[in-house]
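Enquirer: fold the stuff below for me.
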Amino acid sequence: MTVTQVSAQELFQAAYENRYTWDSDFPGYTADVTYRRDGEVFTGRVRVNPDLKAQVFEIADETATHAIQGQLFEIAIHRVRRSFADTHSKNTFAYGDSDQTGATTILMGGKAEGDYYQVRDNEVCLVHRHIHGVVVTIHTFSSHDTGEGYLSHRYDSVYHDPKTGEQKGGQSVFEDSYEKVGHYQILSERQIQTEESGQTSTQVFQFSSFQLLGSRGAGT
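Expert: Numbering: from 1, shown residues only. The predicted structure is shown next:
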């Protein structure tokens with residue numbers, strides 16, 4: 001079926017529903033964590049509960065703790081399974097241009113007026129949306145097919161002021177790796193390189209020794 005044979009909403013919905021997400025039975029998990037930040041190294045334990053709230057243990061540095069919690073939150077929020085209707089029922093969809101890579105632009109209207117996405121090979125490969133008073137643009141360069149939906153592997157993100165278009169902060173490049181734990185794909189490593197004012201900062205979050213909650217030895 002070609003793009004012209006389906007509506008913009010149908011094309012976008014198919015890609016939306018092709019994302020990898022955790023089901024409603026997701027039990028949560030514990031893991032060891034190693035966080036590297038520009039030469040500093042912090043090690044501890046983490047726990048992600050069934051409600052997806054995260055806790056960090058055994059790390060005294062408050063900034064490091066907040067950084068790890070922030071990444072666990074970002075990971076979990078993208079694994080939440082919400083129906084297309086729940087997420088996009090107040091939005092409208094229209095076709096924009098296609099580019100030489102085969103990516104098709106989907107222009108949003110309604111509640112999401114001004115946002116747009118690009119879809120290629122049944123995956124969302126670009127996100128441009130207004131959120132929390134800024135505009136975030138995310139390009140995905142590679143992805144991983146889990147057999148139950150895709151996970152982004154390498155991508156970047158940059159923020160702009162929605163009124164002036166001025167860039168806010170540096171541009172970050174992410175590279176993610178996953179491990180299958182029980183029935184669930186869980187992030188095992190995230191590398192983030194952020195370039196700002198000619199300087200590059202590197203953060204690496206590594207997670208290991210996973211135990212699903214309710215499994216033997218899953219306590220903190």
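
Enquirer: burial measure for residue 138, as a count.
Expert: Using other Cβ atoms under 10 Å, residue 138 has 18 neighbouring residues. All C-beta atoms are positioned from the backbone trio N, CA, C, and that covers glycine.

Enquirer: how about residue 80?
Expert: Neighbours of residue 80 (other Cβ under 10 Å): 12.

Enquirer: which strands or helices does the lengthiest helix in the chain pack on?
Expert: Looking across the chain with DSSP state H, the single longest helix is helix 62-79. Contacts defined by 3 or more Cβ pairs under 8 Å, 6 or more residues apart in numbering; DSSP states H and E place helix 62-79 against strand 29-37, strand 40-48, strand 54-57, strand 184-196, strand 199-212.

Enquirer: dump the residue contacts of the most centrally placed residue in the chain.
Expert: Among the residues of the chain, the one closest to the centroid is residue 78, at 5.1 Å (Cα atoms, centre = their mean). By Cβ atoms under 8 Å, 6 or more residues apart in numbering, the contact list for residue 78 reads 19, 21.

Enquirer: likewise residue 91?
Expert: Contacts of residue 91 by Cβ under 8 Å, 6+ apart are 108, 109, 110, 111, 112.

Enquirer: can you put those residues in JSON lines and add pLDDT and neighbour count?
Expert: JSON lines is the format used below for the contacts of residue 91 (pLDDT from 0 to 100; neighbours: other Cβ atoms under 10 Å):
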{"residue": "108", "pLDDT": "97", "neighbour count": "22"}
{"residue": "109", "pLDDT": "97", "neighbour count": "13"}
{"residue": "110", "pLDDT": "96", "neighbour count": "12"}
{"residue": "111", "pLDDT": "94", "neighbour count": "11"}
{"residue": "112", "pLDDT": "95", "neighbour count": "18"}
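
Enquirer: just give me the closest of those to residue 33.
Expert: For these, the residue nearest residue 33 by Cβ to Cβ is residue 112; the value is 34.6 Å.
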